[in-house]
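Novice: Kindly return the folded structure for what I paste below:
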Amino acid sequence: MIRARDLYKIYRADGTEVRALDGVSLEIRRGEFVAIVGRSGAGKTTLLSLLGGLTRPTAGEIHLDGVPLQGLSDGELSRLRAEKIGFVFQSAGLLPTLTALENVLLPGIFAPRQSADPRRKAQRLLDLVGLRAKADRLPSQLSGGEQRRVALARALMNDPVLILADEPTGDLDEQTEGEVLELLGGLNAERGITLVIVTHSPAVAGRACRVLTMAGGRIVKDEPGAGA
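Specialist: Residues are numbered from 1 along each chain as shown. Model prediction:
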């Protein structure tokens, strides 16, 4: 699913060079559940952003599902993200003036292949995350955990083969974290969706089949997880 070689991401400002990534290489197989762990500033979020084509590396190569990202234009990257990747972040990022259903529908507007009945599909996805009854609620009328579940439903709208998640349970209580993990784990086990999750949570890392530990912009450990 993902093959990266010698990734570097270097920021320069006022004569200072910061190596957010310092020669990272990795492979992630289709259907894997991979957790990326490490201290703040280790390069986890930078790596996730590069793997998802949200930013470009200073040097190195990334192939996603056989497609070399470095050869794509910005427009082609946008289409690839819309077609293949679902993103889930610590901040749910829901548009405050749209209902839960309308937020889930948003990715379908930009999809290369639109669903024949996108509204019905969005309703089914809200069913999947247990929020069909709250389809007409605004984000301000939902709890933090409910907003995160709407964001997950939105990430699934275009049938991604890969979900990239950055601290998806970061500010949730233990029960809600468990619910989100059950949903993510089910998508991986039942639909074969590849999951790559950046996390500080031992509970999240404990569900993964593989755990990558980062420090100083490098992967310093690659080992099987408890979910293997």
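
Novice: Let me know the next secondary structure element after the lengthiest helix in the chain.
Specialist: Longest helix in the chain, counting residues (DSSP state H): helix 174-191. Next helix or strand after helix 174-191 toward the C-terminus (DSSP states H and E): strand 194-198.

Novice: Pairing partners for that following strand, with directions?
Specialist: Partner strands and pairing direction for strand 194-198 (DSSP bridges) are strand 33-37 (parallel), strand 162-166 (parallel).

Novice: contacting residues for Ile28?
Specialist: 1-2, 34, 194, 196 (CB atoms under 8 Å, 6 or more residues apart in numbering). Any C-beta I mention is one placed from the backbone N, CA and C, and that applies to glycine too.

Novice: Could you rerun that using 10 Å?
Specialist: Neighbouring residues of Ile28 by CB atoms under 10 Å, 6 or more residues apart in numbering: 1-4, 34, 51, 64, 162, 194-196, 210, 212.

Novice: ok, now how distant is it from Arg207?
Specialist: 16 Å (CB to CB, to the nearest Å).

Novice: Arg5 too?
Specialist: 28 Å.

Novice: between the two, who's got more neighbours?
Specialist: Taking neighbours as other CB atoms under 10 Å, Arg5 and Arg207 compare with Arg207 leading, 21 against 14.

Novice: Now for the more buried one: which residues touch it?
Specialist: So Arg207 contacts 33, 35, 178, 181-182, 184-185, 188, 195, 197, 199, 201, 225-227 (CB under 10 Å, 6+ apart).

Novice: Filter the residues you listed down to the buried ones and express that as a PyMOL selection.
Specialist: Selection of the buried residues among those in PyMOL, burial being defined by 16 or more other CB atoms under 10 Å:
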select buried, resi 33+35+181+184+185+188+195+197+199+201+225+227
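
Novice: ok, the contacts of Arg207 vs Pro68, which is closest?
Specialist: Leu195 (22.6 Å; CB to CB).

Novice: what residue lies at the spatial centre of this protein?
Specialist: By CA atoms, centre = their mean, the mean C-alpha position of the chain lies nearest to Leu164, the distance being 1.7 Å.

Novice: gap between the closest residue to it other than its chain neighbours and Asp171?
Specialist: Spatially, and ignoring its direct neighbours in sequence, Leu164 is nearest to Gly52 (4.7 Å; CB to CB, 6 or more residues apart in numbering). Going from Gly52 to Asp171 by CB to CB gives 22 Å.

Novice: mind checking pLDDT for Gln114?
Specialist: pLDDT, Gln114: 62.

Novice: cool, Gly71 as well?
Specialist: At Gly71, pLDDT is 87.

Novice: I'd like to know how many residues surround it.
Specialist: 9.

Novice: what residues are up against it?
Specialist: So Gly71 contacts 61, 63 (CB under 10 Å, 6+ apart).

Novice: Please report phi then psi for it.
Specialist: phi -90, psi 0 (degrees, to the nearest 10).

Novice: now Ala59
Specialist: Torsion angles, degrees, to the nearest 10, at Ala59: phi -150, psi 160.

Novice: May I ask which helix or strand of this protein has the lowest mean pLDDT?
Specialist: Ranking every helix and strand in the chain by mean pLDDT, DSSP states H and E puts helix 174-191 at the bottom, with a mean of 83.

Novice: Centre of the chain to that helix, how far?
Specialist: Distance of helix 174-191 from its chain centroid, counting by CA atoms, centre = their mean, to the nearest Å, is 14 Å.

Novice: quick check: angle from that helix to strand 162-166?
Specialist: 160 degrees (axes from the mean of the first three to the mean of the last three CA atoms, to 10 degrees).
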